[in-house]
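Colleague: kindly generate the corresponding structure for this input.
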Amino acid sequence: MNTTPPFDPKKSYLSLKTHENMIGYTSFGIRLDGGQSREGVIKIAAQRHPYGGGQYTLTVIVDTEGQPAVKAQLDALVRHLCADLFRPHLGQGFDRLVTMPLDAFAQHPGWLITELNFHFRRTDERDSVMLEEKLLPALACVLPITIDPVDWWPVGRPQTAPPATGSPGQASLKSFFTRWFGAG
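Modeller: Modelled structure (predicted):
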């Protein structure tokens, strides 16, 4: 008799994340209380639906440098995000925002890893216009961040495994992503 293997939601979700349609990434700086700041990276994925809608998934990654107070402050900033904050910036086609903390899945306690899923009823603009002229500027309006220009992922280019070093170490997150994904 064949038995069905137990369902592992963590493994299943991480598998989905590996196969999402990544279109680019960008680095950013975030200002925190007490004059502190951190560097982060946003992995950008897009999905179009046949009815004309779609979603943009922004996976936000920040090294908290093992400081619980920094992690708590970043968590609080993410918790306060809601669709109503973005609606004035994203227009009538914007439907909803779904946030999902991925820290528990990632098993990297010194990092904030959160997914922001922006759902749209209609996505008429090119991805570059939607992201560079609307979505990322909206994010910069509701969070204390400064976002660098997007590094676009070439269409059809396969995603690869991370570099052998496995983590950024002393290098910046942006340089890690550039080593991992190439310069485009």
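
Colleague: the strand ranked longest in the chain pairs with which strands?
Modeller: Using DSSP state E to define each element, the chain has its longest strand at strand 37-48. Sheet pairing of strand 37-48 (DSSP bridges) gives strand 22-31 (antiparallel), strand 54-63 (antiparallel).

Colleague: distance from the chain centre to the last one, please.
Modeller: Between the mean C-alpha location of strand 54-63 and the chain-wide mean there is a distance of 1 Å, by CA atoms, centre = their mean, to the nearest Å.

Colleague: that strand: which residues count as buried?
Modeller: Gly54, Gln55, Tyr56, Thr57, Leu58, Thr59, Val60, Ile61, Val62, Asp63 (16 or more other CB atoms under 10 Å). Glycine gets a C-beta too; all of them are placed from N, C-alpha and C.

Colleague: helices along the chain, start to end?
Modeller: Counting by DSSP state H, the chain has helices at residues 9-18, 68-79, 83-90, 103-106, 127-129, 136-142, 173-181.

Colleague: for those, which has the smallest mean pLDDT value?
Modeller: Mean pLDDT is lowest for helix 9-18 out of the helices of the chain, coming in at a mean of 52.

Colleague: tilt between the longest strand of the chain and helix 68-79?
Modeller: Orientation check (axes from the mean of the first three to the mean of the last three CA atoms, to 10 degrees): strand 37-48 against helix 68-79 gives 30 degrees.

Colleague: ok, and what's touching strand 37-48?
Modeller: 20-32, 54-65, 70, 74, 112, 123, 127, 131, 145, 147, 150, 172-174, 176-177 (CB atoms under 8 Å, 6 or more residues apart in numbering).

Colleague: surely Arg122 and Gly52 touch.
Modeller: Yes. Contact criterion CB atoms under 8 Å: Arg122 and Gly52 qualify, at 5.2 Å.

Colleague: so between those two, which is more surrounded?
Modeller: Between Arg122 and Gly52, counted using other CB atoms under 10 Å, Arg122 has the larger neighbour count: 15 against 12.

Colleague: how close does the residue nearest to that one when sequence neighbours are not counted get to Leu135?
Modeller: Closest residue to Arg122 apart from its sequence neighbours, by CB to CB, 6 or more residues apart in numbering: Gly93 at 4.2 Å. Gly93 sits 11 Å away from Leu135 when distances are taken as CB to CB, to the nearest Å.

Colleague: what is the neighbour count of Glu115?
Modeller: Neighbours around Glu115, by other CB under 10 Å: 20.

Colleague: ok so, going back, and the residue nearest to Arg122, how close does it get to Tyr25?
Modeller: On the measure of CB to CB, Gly93 and Tyr25 end up 24 Å apart.

Colleague: looking at the two, which is more packed in?
Modeller: A side-by-side neighbour count of Gly93 and Tyr25, using other CB under 10 Å, places Tyr25 first with 24 against 17.

Colleague: what's the pLDDT at that one?
Modeller: Per-residue pLDDT puts Tyr25 at 93.
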